[in-house]
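> model the structure of this input:
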Amino acid sequence: MAARHGADPAKTRQAVLAVADWLRDETHPVPDRDALAAAVRLTVRTLAGLAPGASVEVRIPPFAAVQCVPGPRHTRGTPPNVVETDPRTWLLVATGLLRLAEAEASGALSLSGPRAAEIDGWLPLVVLAEL
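Residues are numbered from 1 along each chain as shown. Next up is the predicted model:
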């Protein structure tokens, strides 16, 4: 699924900042569904805008899925290159609070296909400075 449009960097940063306390400390209250959805959707749209293409599909259920990374386009069935994870893990990776390889090694994120890890070249998408 291609991103419908790119994400506004200011709105993306604002959405991520709205959930930043929870990202830094999982004992912090979980953000409401709308705030979490906005942060996930805007960050994956940012990735799709920075890495246009359709050779890797990034799935963050239940909020978003985009195709990105230049290369051969996949149109039917299960794509050969997929990144899939939960919203919190995605946002940790997207903000640089967790490295892609660490998320995969812990089992919190799955990379399938020879090109899935290429998204690492565009990460982090929004940098959260440590306080």
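
> is it fair to say D120 lies in a helix?
Yes: D120 forms part of a helix when assessed by DSSP: H, G, I helix; E, B strand; the rest coil.

> tell me if I'm right that it and A103 touch.
No: applying C-beta atoms under 8 Å as the test, D120 and A103 come out as separate, 10.3 Å apart. No exception for glycine: its C-beta is placed from N, CA and C like everyone else's.

> and the next helix or strand past the top helix by length along the chain?
In the chain, taking DSSP state H as the definition, the longest helix is helix 33-50. Scanning forward in sequence from helix 33-50 by DSSP states H and E, the next helix or strand is strand 56-60.

> those strands in the protein, which residues are they?
Listed in chain order, the strands of the chain (DSSP state E) span 56-60, 64-68, 82-85, 109-112.

> and the third one, what does it pack onto?
Right, strand 82-85. strand 56-60, strand 109-112 (3 or more C-beta pairs under 8 Å, 6 or more residues apart in numbering; DSSP states H and E).

> I'd like to know which of those is closest to P9.
Nearest to P9 among those is strand 56-60 (18.4 Å), distances taken as C-beta to C-beta.

> how about the closest one: buried residues?
Buried residues in strand 56-60, defined by neighbour count with 16 or more other C-beta atoms under 10 Å: 56-60.

> and the average pLDDT for stretch 24-38 is what?
Regarding stretch 24-38, the rounded mean pLDDT is 96.
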